[in-house]
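Peer 1: Provide a 3D model corresponding to the input given below.
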Amino acid sequence: MMGPMDWVAIGLALLFSLLGLGCLLLTAVGLPGTWLMIGLAAGVHLLQGALTTAGEATSVWWTIAICAVLAGFGEAIETAAGAAGSHAGGGTSRGMVGAVLGGIVGGIALTPVIPIPLVGTLIGAMVGTFVGALAGELTGEADAAGGDSVRAAAGATVGRLLGSMGKTLVAAVVWVMLSIRLFSS
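Peer 2: Below you'll find the predicted structure:
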């Protein structure tokens, strides 16, 4: 028979799973949802601490640590994808740097301008990636033709979109791992 503390632990795990799903949606639109999810899991685990045996506590912390490494990998995927897309489109290093910086600035600056919750951030990041890569290409030392610069900027934007999808996939894996681990502790 389950005691009241067992029900509290299950309730906390359920709460994490629901809030973690929200964090997953945040990640999908370019916000740091995976990191919020990991912090949330650590907080839930600390609350469950009175109910967890020492062996289980250690394994939960290992799961959280592995998920933090995966989250870092997801960030690397997202960041590198825009630069790789620019390079695939024939862009220069300057265009790649512009794509990364433009994506960050666009995501922040256009979020309040585009009145669609969360989607505004994603659209802002895509627009910023394109504009940043284009600016980097057009202001370089080499005389870049307009069409070549647009092709590089479009490649950076597609790369950024694919990177966001990859990061969201990693976040989904993290959510599943943490949900399972918190329910089993």
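
Peer 1: Work out for me the element the closest residue to residue 88 other than its chain neighbours sits within.
Peer 2: Taking CB to CB, 6 or more residues apart in numbering, and ignoring the residues beside it in sequence, residue 88 has residue 155 as its nearest neighbour in space, at 5.0 Å. (Each C-beta comes from the backbone N, C-alpha and C, glycine too.) Assigned by DSSP states H and E, residue 155 falls within helix 146-184.

Peer 1: returning to that earlier point: would you mind giving me the confidence score for the residue nearest to residue 88?
Peer 2: Per-residue confidence for residue 155 comes out at a pLDDT of 91.

Peer 1: burial measure for it, as a count.
Peer 2: 25 (other CB atoms under 10 Å).

Peer 1: Kindly provide the distance from residue 23 to residue 139.
Peer 2: Residue 23 sits 37 Å away from residue 139, taking CB to CB, to the nearest Å as the criterion.

Peer 1: When the two are compared, which one has more neighbours?
Peer 2: Set residue 23 next to residue 139 and count neighbours by other CB under 10 Å: residue 23 wins out with 25 against 12.

Peer 1: give me the element the more buried one is part of.
Peer 2: Residue 23 belongs to helix 4-28 when assigned by DSSP H and E.

Peer 1: any idea of the angle the helix holding residue 155 forms with helix 4-28?
Peer 2: Note on geometry: by axes from the mean of the first three to the mean of the last three CA atoms, to 10 degrees, helix 146-184 and helix 4-28 are set 180 degrees apart in direction.

Peer 1: mind listing what residue 116 touches?
Peer 2: Residue 116 makes contact with residue 123, according to CB atoms under 8 Å, 6 or more residues apart in numbering.
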